[in-house]
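Participant: The following comprises the amino acid sequence and a computationally predicted model.
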Amino acid sequence: MPVSYLRALSESKRTRRANIHLGVSLAFVAGAVNAGGLLAVLQYTSHMTGIVSSLADNLVLGNLAAVTAGLASVAAFLGGAAYSTILINWGRHHRTHSAYAYALLWEALLLLGFGLLGNSLDGHRALFTPATVLLLCFIMGLQNAIITKISNAEIRTTHMTGIVTDIGIELGKMLYINLGEESARYKPVRADRSRLRLLATLLSAFFTGGALGAAGFKYVGYVTTVPLALFLILLAIVPLLDDLRTRRRLLLRHRVRRRDAYGRHPSGERP
């Protein structure tokens, strides 16, 4: 991929095209993590609707252990979204290139750790499974907040309910038969075909990621998340390097100013 393209994907200055491309990429990752996570811990970790519903069911049934697990999952998702927001707002306030890339890097590092340590920890299922559920919920909250803030809530990547609903709305508009010409009193119904294409692409990316993630966990295991983590690092790396270069230039400029102010004496005393 060209460096300019990678920079545009996750830098602070946004375009709608970059938002869409990043959203599709993250939908693929979310599908893979969500489907793979089901095979790893027998639970989807991005669908807060289902988790909150099961919370209500288990509360009524008196299954307090399941209620505690559900509350912890929701808290982990909330924590991921909150932490992502903190990183993004910190980057914005400090005018960094990598306001969004930091959150992507954290997601990549967490997935990388999960992929590398999963096989060795799998023998301790009693502790490993609950921790894995919380980790994956945290990652999904982290990711969902990234693309939500980037696109002003236009694009979602970790759950498909809203996307499928919006596809149905646009299809309904497309099938609607207008009985008159546009006038002050009659506004024809028209589908937003570009939005429909975007929604269909996000759904396809999530499904494709889910299929590949499930196959990877079935035949390869936890290491399946390592390529996903490396892909996220690729998406984030250019703005991060831009910030490193900027900080290096500022540090060198600061050293030059100190040298000019205090002279070249090692003690720092004025000549």
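Facilitator: Alright, I've got the coordinates. None of the values given here were measured: they were computed from a predicted structure. Residues are numbered from 1 along each chain as shown.
Participant: in the stretch 51-200 of the chain, which spans are helices?
Facilitator: 64-93, 101-121, 125-150, 161-175, 193-219 (DSSP state H, counting those that start in this stretch).
Participant: Specify the angle between whatever helix or strand comes next after the last one and helix 64-93 in degrees.
Facilitator: Spelled out, it's helix 193-219. Downstream of helix 193-219, the first helix or strand assigned by DSSP states H and E is helix 225-262. Per axes from the mean of the first three to the mean of the last three C-alpha atoms, to 10 degrees, the angle that helix 225-262 makes with helix 64-93 is 40 degrees.
Participant: From the contact counts, what lies against helix 225-262?
Facilitator: On a contact count with 3 or more C-beta pairs under 8 Å, 6 or more residues apart in numbering; DSSP states H and E, helix 225-262 meets helix 3-10, helix 16-41, helix 101-121. (C-beta placed from N, C-alpha, C; glycine too.)
Participant: contact partners of the shortest one?
Facilitator: The reference is to helix 3-10. 15, 17-18, 21-22, 25, 97-98, 100-101, 104, 234-239, 242 (C-beta atoms under 8 Å, 6 or more residues apart in numbering).
Participant: Weed out the non-buried ones from these.
Facilitator: 18, 21-22, 25, 97-98, 100-101, 104, 234-239, 242 (16 or more other C-beta atoms under 10 Å).
Participant: Which single one of these is nearest to residue 62?
Facilitator: The nearest member of these to residue 62, counting by C-beta to C-beta, is residue 104 at 41.4 Å.
Participant: Chain neighbours aside, what residue packs nearest to that closest one?
Facilitator: residue 236 (3.9 Å; C-beta to C-beta, 6 or more residues apart in numbering).
Participant: Any chance you could list what contacts stretch 232-244?
Facilitator: Contacts for stretch 232-244 (C-beta under 8 Å, 6+ apart): 1, 3, 6-7, 9-12, 22, 25, 29, 96-98, 100-102, 104-105, 107-108, 111.
Participant: so where's the protein uncertain?
Facilitator: Applying pLDDT under 70 to the chain flags residues 1, 120-126, 263-271.
Participant: one more time with 50, if that's ok
Facilitator: Residue ranges of the chain with pLDDT under 50: 271.
Participant: coming back round to it: tell me which of the helices and strands packed on helix 225-262 approaches residue 164 most closely.
Facilitator: helix 16-41 (12.8 Å).
Participant: tell me what that closest one is packed against?
Facilitator: Helices and strands touching helix 16-41, by 3+ C-beta pairs under 8 Å, 6+ apart, are helix 3-10, helix 125-150, helix 193-219, helix 225-262.
Participant: Could you export those helices to CSV, including columns for distance to residue 50?
Facilitator: What follows is those, written out as CSV (distance: least, C-beta to C-beta, whole Å):
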stretch, distance to residue 50
helix 3-10, 30
helix 125-150, 12
helix 193-219, 15
helix 225-262, 22
